[in-house]
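Trainee: quick one: sequence plus predicted model below, questions after.
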Amino acid sequence: MVTNHVHFLDWLLLVGRHYFCTFVMRSDFKKMPVMGTATNTMQCFYVSRTATEEENNKLVASLTQRMKDVENGVYERPVWIAAESICANGSGLIPFKRGAFDSLCAVQPCVFRYDLIFRGISQAYDVTTLEGQFMLWTSKIVSDVTIFSLPLFIPNDYLFEKYAHKGETKADVF
């Protein structure tokens, strides 16, 4: 499952929608009292922004194997990846990070749309602190969030041939 990533609670919304996923998330969450326990139980993958290239390669290999295990029915929980890797402001795409498409497995695209319920104040992590986001979310009884699940996309030869000029590898094209 590949989505945009706007808010630190995106993962909770997916769980609430009955997507019992394994997530790829920032390593800082591993140390948080409640979130750390929850994400460890869900066997999440943790990304460190200070990781070496070798550590990142190991993470991508583990992630690729998990995605193949899901596709082959060996592991039942899908992997949720925010291809942009970080929270964005919800107004456009930023370059995708390595790992989301390396497995060349089918992906379930989903899109989060947060309505601007705070009169133009973005809830994205890049424009406010974690505490600020918490204050925004708890000061409003109802938050308007829509999750769009798009059709499953299976990479194919047509994609790789037609768009070969878009990247050096199949994962880049995908």
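Mentor: Arrived safely. Numbering: from 1, shown residues only.
Trainee: leaving out chain neighbours, which residue sits closest to residue 3?
Mentor: Excluding the flanking residues, the one nearest residue 3 by C-beta to C-beta, 6 or more residues apart in numbering is residue 110, at 4.5 Å. The C-beta positions use only the backbone N, C-alpha and C, and glycine is treated the same way.
Trainee: may I ask which helix or strand encompasses the one you found?
Mentor: Assigned by DSSP states H and E, residue 110 belongs to strand 109-114.
Trainee: which ones are touching residue 29?
Mentor: Residue 29 makes contact with 35-36, 39, 44, 46 under the criterion C-beta atoms under 8 Å, 6 or more residues apart in numbering.
Trainee: oh, that last question was meant for residue 166, not what I typed.
Mentor: Here residue 166 is in contact with 172-173 (C-beta under 8 Å, 6+ apart).
Trainee: ok, back up a step: which ones among the contacts of residue 29 map onto helices?
Mentor: 35-36, 39 (DSSP state H).
Trainee: just send those back as CSV, with pLDDT and distance to residue 132 too.
Mentor: Formatted as CSV, these follow (pLDDT from 0 to 100; distance: C-beta to C-beta, whole Å):
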residue, pLDDT, distance to residue 132
35, 78, 17
36, 85, 21
39, 83, 22
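Trainee: which of these ranks first by neighbour count?
Mentor: Of all the ones in helices among the contacts of residue 29, the highest neighbour tally under other C-beta atoms under 10 Å goes to residue 39, namely 19 neighbours.
Trainee: apart from its neighbours in sequence, what residue is nearest residue 102?
Mentor: With C-beta to C-beta, 6+ apart, the residue lying closest to residue 102 is residue 171, at 4.7 Å.
Trainee: could you grab the helix/strand/coil label for the one you found?
Mentor: Following DSSP: H, G, I helix; E, B strand; the rest coil, residue 171 is assigned to helix.
Trainee: what residues are up against residue 106?
Mentor: 71, 152-155.
Trainee: can you add secondary structure and neighbour count and give the residues you listed back as TSV?
Mentor: Shown next, in TSV, are those (DSSP: H, G, I helix; E, B strand; the rest coil; neighbours: other C-beta atoms under 10 Å):
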residue	secondary structure	neighbour count
71	helix	15
152	coil	10
153	strand	13
154	coil	11
155	coil	17
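Trainee: tell me which two in the residues you listed are the farthest apart.
Mentor: 71 and 153 (12.7 Å; C-beta to C-beta).
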